[in-house]
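> missing the sequence, but the structure's below:
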């Protein structure tokens, strides 16, 4: 059994692959954080974001959307001057807007329920034998992307959304040759109420 080939050899990447990627996440705030980080990844490699994740958490108030939603130009300028994160005005502004969108969904139904209803509350268990089989987006990620945009989110295209779905365990895309495939499938547990 071998790990998924994308995990490389760097310890931070191996640990992420082995302990986080694909593990079902049901916490609304944590889901928002992962979606934001996937948006920041656009055009970059995930390892870049992973190396800066602690800096992102510090810069964005622990990814508390209720705090970030109150930010404006002073905080944008502060973040643009922070070398510990990806300094992209559009992505920073989108994060503030996405915090507002998160608040609305969270109030109305819960961000976790909003997302997990797309898969009936239970992770989709894929059985890919090679990385070449794994899609970069799916009809479902296209629908979720469309619905997120309608709700006011930005930097959430179908490819970003599918990477997010993989990361938070909405789909189990560990290869069947990876020891984490069965481990994550067992962690999926019982179906979550939608």
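Yes, it's here. Keep in mind that what you see is a predicted model, and the values were worked out from it rather than measured.

> now the strands for this structure?
With strands called from DSSP state E, the chain shows them at 124-125, 171-172.

> Take the ones you listed and lay them out in TSV including mean neighbour count.
Where C-beta positions appear, they are placed from N, C-alpha and C, glycine not excepted. As requested, these are arranged in TSV below (neighbours: other C-beta atoms under 10 Å):
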stretch	mean neighbour count
strand 124-125	15
strand 171-172	23
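
> could those strands be laid out in TSV, adding mean pLDDT and distance to residue 80?
Shown next, in TSV, are the strands of the chain (pLDDT from 0 to 100; distance: least, C-beta to C-beta, whole Å):
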stretch	mean pLDDT	distance to residue 80
strand 124-125	96	38
strand 171-172	98	34
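
> for the ones you listed, which one sits closest to residue 97?
Taking C-beta to C-beta as the criterion, residue 97 comes closest to strand 171-172 out of the strands of the chain, the separation being 26.4 Å.

> Please name every helix or strand in contact with that closest one.
Under the contact definition 3 or more C-beta pairs under 8 Å, 6 or more residues apart in numbering; DSSP states H and E, strand 171-172 sits against strand 124-125, helix 179-187.

> what about the protein, any weak spots by pLDDT?
Within the chain, the stretches falling below the threshold (pLDDT under 70) are 189-194.

> name the helices or strands packed onto the longest helix along it?
Among all segments of the chain classified by DSSP state H, the helix with the greatest residue count is helix 89-108. In terms of contacts (3+ C-beta pairs under 8 Å, 6+ apart), helix 89-108 is packed against helix 28-41, helix 65-68, helix 73-80, helix 111-116.

> picking up where we left off before, for the strands of the chain, which one sits closest to residue 42?
Counting by C-beta to C-beta, residue 42 lies closest to strand 171-172 out of the strands of the chain; the figure is 19.5 Å.

> Quickly note the distance from residue 38 to residue 70.
The spacing between residue 38 and residue 70, counted by C-beta to C-beta, to the nearest Å, is 23 Å.

> Could you give the number of residues near residue 107?
A count of nearby residues for residue 107, using other C-beta atoms under 10 Å, gives 9.

> er, residue 22 I mean
With other C-beta under 10 Å as criterion, residue 22 counts 28.

> tell me the contacts of it?
Under the criterion of C-beta atoms under 8 Å, 6 or more residues apart in numbering, the contact partners of residue 22 comprise 166-167, 169, 171-174, 180, 184.

> can you check residue 163 too?
Residues near residue 163 by C-beta under 8 Å, 6+ apart: 38, 41, 46.

> Could you dump these into CSV with distance to residue 121 and neighbour count added?
As requested, the contacts of residue 163 are arranged in CSV below (distance: C-beta to C-beta, whole Å; neighbours: other C-beta atoms under 10 Å):
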residue, distance to residue 121, neighbour count
38, 21, 23
41, 26, 20
46, 26, 16
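
> from those residues, which single one is nearest residue 77?
Of all these, residue 77 sits closest to residue 41, with 22.9 Å by C-beta to C-beta.

> doesn't residue 160 make contact with that closest one?
Yes. The criterion here is C-beta atoms under 8 Å, and residue 41 meets it with residue 160 at 7.5 Å.

> Sweet, I'm off.
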